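A.B. asks: sequence and predicted model, in that order:
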Amino acid sequence: MPTTLESITHEVLELPGSQRLALARIILDLDSGPPDADVEAAWDKEIRARLKAYDEGKLETVSYEAFHEEMEKRFGRCN
């Protein structure tokens with residue numbers, strides 16, 4: 001019997017959330033083509049700069065609790 005979108009969807013819905021997210025990433029990557037080397041290099045440079053700034057205490061940070069409180073104010077209860 002051929003696999004249908006409906007049967008695949010049913011199986012996917014039974015996967016744990018982390019596996020569904022991994023599958024979503026795989027599907028999105030199928031049609032995205034090879035990574036652009038310039039974009040990858042730019043992201044790598046940005047990530048390194050942000051980590052360096054964080055390590056040197058040059059970034060303004062907020063606690064998880066403050067972030068969560070702000071998100072609840074904006075969007076309502078998250079869980």
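C.D. replies: Yep, that arrived. Here the structure is a predicted model, which is why all the values come from computation and not from measurement. Residues are numbered from 1 along each chain as shown.

A.B. asks: C-alpha from now on. contacts and neighbour counts both.
C.D. replies: Will do.

A.B. asks: tell me which helix or strand G33 sits in.
C.D. replies: For G33, there is no enclosing helix or strand under DSSP states H and E.

A.B. asks: list the contacts for it?
C.D. replies: Going by CA atoms under 8 Å, 6 or more residues apart in numbering, G33 touches no other residue.

A.B. asks: pLDDT value on P2, please?
C.D. replies: Looking at P2, its pLDDT stands at 68.

A.B. asks: before we move on, what about G76?
C.D. replies: 86.

A.B. asks: what's the answer for A24, then?
C.D. replies: For A24, the pLDDT comes out at 94.

A.B. asks: kindly report the same for L21.
C.D. replies: 94.

A.B. asks: measure how buried it is and give me the count.
C.D. replies: Residue crowding around L21 was assessed by other CA atoms under 10 Å; the count is 12.

A.B. asks: contact partners of the biggest helix by length in the chain?
C.D. replies: Identified as the longest helix of the chain according to DSSP state H is helix 37-55. Residues outside helix 37-55 that contact it (CA under 8 Å, 6+ apart): L59.

A.B. asks: now find how far off-centre the helix or strand just after it is within its chain.
C.D. replies: As assigned by DSSP H and E, the chain's next helix or strand after helix 37-55 is helix 64-75. In this view, helix 64-75 has its centroid 19 Å away from the chain centroid, taken as CA atoms, centre = their mean, to the nearest Å.

A.B. asks: just the buried residues of helix 64-75, please?
C.D. replies: For helix 64-75, burial by neighbour count (16 or more other CA atoms under 10 Å) applies to no residue.
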